[in-house]
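Enquirer: sequence and predicted structure, then a few things I'm wondering about:
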Amino acid sequence: MNIVILAAGMGKRMRSALPKVLHQLAGRPLLSHVIDTARTLSPTRLVVVIGHDADKVREMVGAPDVQFVVQDKQLGTGHAVQQALPLLDASVPTLVLYGDVPLTRASTLERLADAAGTDRYAVLTVTVDNPTGYGRIVRDTQGKVRKIVEQKDASPDELEIAEINTGIILTPTRQLEAWLSSLKNDNGQGEFYLTDVVERAIESGVEVVTAQPDAEWEKLGVNSKVQLAELERVHQRNVAYALLEAGVTLADPARIDVRGTLECGADVSIDVNCVFEGRVTVGDNVTIGPNCVIRDATIGAGTRIDAYTHIEGASTGAKVVLGPYARLRPGAQLSDEAHVGNFVEVKNAVIGHGSKANHLTYIGDSDIGAHTNVGAGTITCNYDGANKHRTVIGDDVFIGSDTQLVAPVRVGNGVTIAAGTTVWKDVGDGELVLNEKNQVSRTDYARPVKKKA
């Protein structure tokens, strides 16, 4: 089938300069969600109709399999589909989707396609408790679809109809050009409605059929920031329930945000207010404390991540302990049983098996061996003001508190570095490193006393 996605509107009610379809749901543009769903159907042609700020839309969602056509004047949905006709394969049906309706599932669209077959006109409808604002599906006494009437054009009896039009249709393509060219804009909006094609199809002797989604939220679109926020919660609830069904323990399903993909092993536990972005993979028996942010990361089995830990572009081995308040930046690689504690930042560095940096430390552009202890306040001084340099630290090294390692520098195996030492020269295996200094004590010192007001 061909798939046409309508995405030309500005979205005035969003009160934003950003095109409506580029506002984000779960960390990605609304339109990207629709395109991804369309791809699962393996379309013959995938065409996106753009208009407002077309260049920005192309830039954000452009891909080799996506063709764009510009609707210079937004004259309605029928006019929008008309712009796409030259790019379509007339030998297969055409599915019309909307760039601001991101949660329609592929299974629903497959059901619609099954109902349509190759020569019927299919409409996705929903029966709702409150149909206000939607076009109504008007049927005859035999239950066959006769027309779709918009809210502003509906009679009092038609307004009582509970079955509404989602706007999603699947139509034979060969007849579509003639049907669209015959549309008129003598309606309340002065637009060419795609919904009016139903009557043209019936007049042409084409059978009109309908299908409905499993969930009412699949038809929800976005016209305002309020609706965007509501849809975000619907999506996150669906993701949370899917995780629960897969065996993940969530302290509160209403307080998790997944803005990408989250894959979890067995017996994973996630506390409240955690955010997962990009692609995150979590191994078996991992516990994640509250208020953590994890982006594009791989977490090894048995790892414990304590509260307020931030991880981006990093990976851990098994049985690692992180946080609270730890930060792993891109390129951080923690081996099995490593510990990175509170207010420790690791960037573009490898920390070996069982090594620990538990307090107030920065480790950047470094390679640290196994079973090394990094004391509180240690800094790898990796930047000379123009270039980054690497620090290499061996196995079984003890680094005292308040140490500075000025890169490029190498520290051998079994080295002991005294507290408060600045290391700017390479150190051989088993050596003790310290900056010699004398401690002075005086008995004639008087501590200052605070003056009274």
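Expert: Cool, got the structure.
Enquirer: what's the pLDDT at Gly188?
Expert: Each residue has a pLDDT score; the one for Gly188 is 69.
Enquirer: residues contacting the residue nearest to the spatial centre of the chain?
Expert: Taking C-alpha atoms, centre = their mean, the centroid of the chain lies closest to Arg259, which sits 2.8 Å from it. Contact analysis of Arg259 by C-beta atoms under 8 Å, 6 or more residues apart in numbering lists Ala26, Gly27, Arg28, Val275, Phe276, Glu277, Gly278. Yep, even glycine has a C-beta here, placed from its N, CA and C like the rest.
Enquirer: count the residues that sit near the residue lying closest to it once chain neighbours are set aside.
Expert: With sequence-adjacent residues excluded and distances taken as C-beta to C-beta, 6 or more residues apart in numbering, Arg259 is closest to Gly27, at 2.8 Å. By other C-beta atoms under 10 Å, the residues close to Gly27 number 16.
Enquirer: related to what we said a few turns ago, quick check: mean pLDDT of the host helix or strand of the residue nearest to the centre of the chain?
Expert: In this assignment (DSSP states H and E), Arg259 forms part of strand 256-264. Model confidence over strand 256-264 averages 97 on the pLDDT scale.
Enquirer: partners of that strand, with directions?
Expert: For strand 256-264, sheet partners with direction are given as strand 274-282 (parallel), following DSSP bridges.
Enquirer: report the distance from the partner strand to the chain centre.
Expert: Its chain's average C-alpha position is 9 Å from that of strand 274-282, according to C-alpha atoms, centre = their mean, to the nearest Å.
Enquirer: for it, list every residue counted as buried.
Expert: Applying a neighbour-count criterion of 16 or more other C-beta atoms under 10 Å, one finds Cys274, Val275, Phe276, Glu277, Val280, Val282 buried in strand 274-282.
Enquirer: what about Cys381, how many residues nearby?
Expert: Cys381 has 18 neighbours, counted by other C-beta under 10 Å.
Enquirer: show me what the nearest residue to Arg58 once chain neighbours are set aside bridges to in the sheet.
Expert: Closest residue to Arg58 apart from its sequence neighbours, by C-beta to C-beta, 6+ apart: Phe68 at 5.8 Å. Going by DSSP bridges, Phe68 is paired in beta bridges with Val48.
Enquirer: let me see the contact set for Phe68.
Expert: With contact taken as C-beta under 8 Å, 6+ apart, Phe68 is in contact with Val47, Val48, Val49, Ile50, Ala54, Val57, Arg58, Gly62.
Enquirer: thought Thr380 was touching Ala357?
Expert: No - Thr380 lies out of contact with Ala357 (C-beta atoms under 8 Å); the separation is 10.3 Å.
Enquirer: what sits in contact with each of these two?
Expert: Common neighbours of Thr380 and Ala357, using C-beta under 8 Å, 6+ apart, are Ile363.
Enquirer: what's near enough to touch Val272?
Expert: For Val272, counting by C-beta under 8 Å, 6+ apart, the contacting residues are Ala251, Asp252, Arg255, Ile256, Pro290, Asn291.
Enquirer: what do you get if the cut-off is 7 Å, keeping everything else the same?
Expert: Val272 makes contact with Ala251, Asp252, Arg255, Pro290, according to C-beta atoms under 7 Å, 6 or more residues apart in numbering.
Enquirer: neighbour count, secondary structure and distance to Asp365 for the residues you listed - can I get that in JSON lines?
Expert: Putting the contacts of Val272 into JSON lines (neighbours: other C-beta atoms under 10 Å; DSSP: H, G, I helix; E, B strand; the rest coil; distance: C-beta to C-beta, whole Å) gives the following:
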{"residue": "Ala251", "neighbour count": "15", "secondary structure": "coil", "distance to Asp365": "36"}
{"residue": "Asp252", "neighbour count": "12", "secondary structure": "coil", "distance to Asp365": "39"}
{"residue": "Arg255", "neighbour count": "16", "secondary structure": "coil", "distance to Asp365": "36"}
{"residue": "Pro290", "neighbour count": "16", "secondary structure": "coil", "distance to Asp365": "31"}
